[in-house]
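In: The amino acid sequence is not available; the structure is as follows:
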């Protein structure tokens with residue numbers, strides 16, 4: 001049996017969650033609209049991922065690539081490009097196994113969490129390539145930041161998600 005993907009209504013919730021996550025995260029880090037475009041990233045669901053971007057366990061992961069503007073061969077024009085790789089199959093499995101959780105707040109938390117990683121990597125506040133012990137410490141820091149960012153939202157469905165990740 002193949003892996004389960006998000007349906008169109010799930011993707012609509014994802015779009016809503018991404019808008020809120022971006023706004024909350026960029027406000028928290030006090031990034032100007034011009035800055036928003038600097039940490040170049042994309043958010044993809046399972047159907048858009050390559051085999052190397054699929055995880056059997058994680059809800060999402062960040063992949064890092066080198067980008068180059070069209071019509072430029074200068075090395076100085078290259079930039080880091082990040083891809084937030086949502087793992088539909090693992091998110092849906094978690095929702096089935098944990099009835100207290102619902103999709104929208106879970107997506108909001110996951111996208112916010114991954115955007116924190118993207119910002120921290122792009123601002124050199126954390127290393128993309130790090131030792132496992134440092135990755136574990138960074139993961140704890142990012143969960144703490146994610147919870148701070150989302151704290152002002154009064155979504156009733158958010159506390160179970162925060163407890164799930166605590």
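Out: It's in. Source: prediction; values computed, not measured.

In: Now residue 105. Nearest residue, chain neighbours left out?
Out: If you skip the residues right next to it in sequence, residue 105 has residue 157 as its closest partner in space, 4.1 Å away by Cβ to Cβ, 6 or more residues apart in numbering. Placement of C-beta: from N, CA and C, glycine included.

In: start to end distance for stretch 52-71?
Out: The first residue of stretch 52-71 is 28 Å away from its last residue (Cα to Cα, to the nearest Å).

In: What is the neighbour count of the residue nearest to residue 105?
Out: 14 (other Cβ atoms under 10 Å).

In: How about the one 3 residues further on?
Out: Residue 160 has 15 neighbouring residues, counting by other Cβ under 10 Å.

In: and the strand or helix carrying it, how far out from the chain's middle?
Out: In this assignment (DSSP states H and E), residue 160 forms part of helix 158-165. Computed by Cα atoms, centre = their mean, to the nearest Å, the chain-centroid distance of helix 158-165 equals 16 Å.

In: what residues does that helix touch?
Out: 94, 98, 100, 101, 105, 106, 108, 109, 143, 146, 147, 150 (Cβ atoms under 8 Å, 6 or more residues apart in numbering).

In: residues of it that come out buried?
Out: 158, 161 (16 or more other Cβ atoms under 10 Å).

In: check contacts around residue 9.
Out: By Cβ under 8 Å, 6+ apart, residue 9 has no neighbours at all.

In: any idea how far it lies from residue 15?
Out: For residue 9, the distance to residue 15 (Cβ to Cβ, to the nearest Å) stands at 11 Å.

In: returning to what we had before: among the contacts of helix 158-165, which are in helices?
Out: 94, 105, 106, 108, 109, 143, 146, 147, 150 (DSSP state H).

In: What's opposite residue 41 in the beta bridge?
Out: residue 82 (DSSP bridges).

In: ok so residue 69 is a helix residue?
Out: No - secondary structure of residue 69 (DSSP: H, G, I helix; E, B strand; the rest coil): coil, not part of a helix.

In: Next, find the distance separating it from residue 62.
Out: Residue 69 is 22 Å from residue 62, by Cβ to Cβ.

In: How about residue 56?
Out: 17 Å.

In: cool, and residue 101?
Out: Taking Cβ to Cβ, one finds residue 101 at 22 Å from residue 62.

In: which stretches of this structure form strands?
Out: Under the criterion DSSP state E, strands of the chain are mapped to 40-44, 60-67, 79-86.

In: can I assume residue 150 is in contact with residue 108?
Out: Yes - taking contacts as Cβ atoms under 8 Å, residue 150 lies within contact range of residue 108: 7.0 Å.
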